[in-house]
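> Sequence first, then the predicted structure, then my questions.
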Amino acid sequence: MKFKLINESSPKTYAIIFDKGDEVIANLQKFATKQHLLACHFTAIGAFNDVVLGFFQPERKEYKKIPIHEQVEVLSLAGDVSLKDEMPNIHAHVVIGKSDGTAHGGHLIEAHAFRLWS
């Protein structure tokens, strides 16, 4: 993962580029912790090698995991960083597109970055 601060004034703006295979949520968590991000919003586009979506089941108070084991495009990813137990917590929702044109979405539980260039 590489990042660059592209706007130092308030609100700060960072550009983050994941390396192929990077796990997105874990790396966002590390980034937020190292940069001391306590409350912020993020958006993204790109592609994943694979992804696990989540659909919240209120009666169980847990996410139903929906794994997708193929390359997909990230059509929209939006989330925020907030504090949970005094640590940055990532909460993100994503819409991904498959090669057949179908779209799937939900809570982003896990995903591995796909890169077309090096």
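Nice, thanks for sending it over. Numbering: from 1, shown residues only.

> Next, the residue lying farthest from the centre of the chain: phi, psi?
Most distant residue from the mean C-alpha position of the chain: residue 59, 25.5 Å away (C-alpha atoms, centre = their mean). Residue 59 adopts backbone torsions of phi -70, psi -30, taken as degrees, to the nearest 10.

> repeat for residue 31
According to degrees, to the nearest 10, residue 31 has phi -60, psi -50.

> now residue 27
phi -70, psi -40.

> likewise residue 79?
According to degrees, to the nearest 10, residue 79 has phi -160, psi -180.

> what helices or strands is the longest strand seen in the chain leaning on?
When the chain is parsed with DSSP state E, its longest strand is strand 40-57. Packing partners of strand 40-57 (3 or more C-beta pairs under 8 Å, 6 or more residues apart in numbering; DSSP states H and E): helix 24-34, strand 62-68, strand 72-84, strand 87-97, strand 103-113. The way it works is simple: take the backbone N, C-alpha and C, and place the C-beta from them, glycine included.

> Tell me how many other residues crowd the spatially closest residue to residue 27 that is not a sequence neighbour.
Among residues not flanking residue 27 along the chain, residue 1 sits closest, at 4.9 Å (C-beta to C-beta, 6 or more residues apart in numbering). Using other C-beta atoms under 10 Å, residue 1 is surrounded by 15 other residues.

> picking that back up, check the gap between the residue farthest from the centre of the chain and residue 108 for me.
22 Å (C-beta to C-beta, to the nearest Å).

> cool, residue 21 as well?
17 Å.

> Among those two, which residue is more densely surrounded?
Looking at residue 21 and residue 108 with other C-beta under 10 Å, you find the greater number of neighbours at residue 108, namely 25 against 10.

> returning to that earlier point: how about the helices and strands packed on strand 40-57 in JSON lines, adding mean pLDDT and distance to residue 45?
Shown next, in JSON lines, are the helices and strands packed on strand 40-57 (pLDDT from 0 to 100; distance: least, C-beta to C-beta, whole Å):
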{"stretch": "helix 24-34", "mean pLDDT": "95", "distance to residue 45": "12"}
{"stretch": "strand 62-68", "mean pLDDT": "97", "distance to residue 45": "17"}
{"stretch": "strand 72-84", "mean pLDDT": "95", "distance to residue 45": "5"}
{"stretch": "strand 87-97", "mean pLDDT": "96", "distance to residue 45": "10"}
{"stretch": "strand 103-113", "mean pLDDT": "98", "distance to residue 45": "12"}
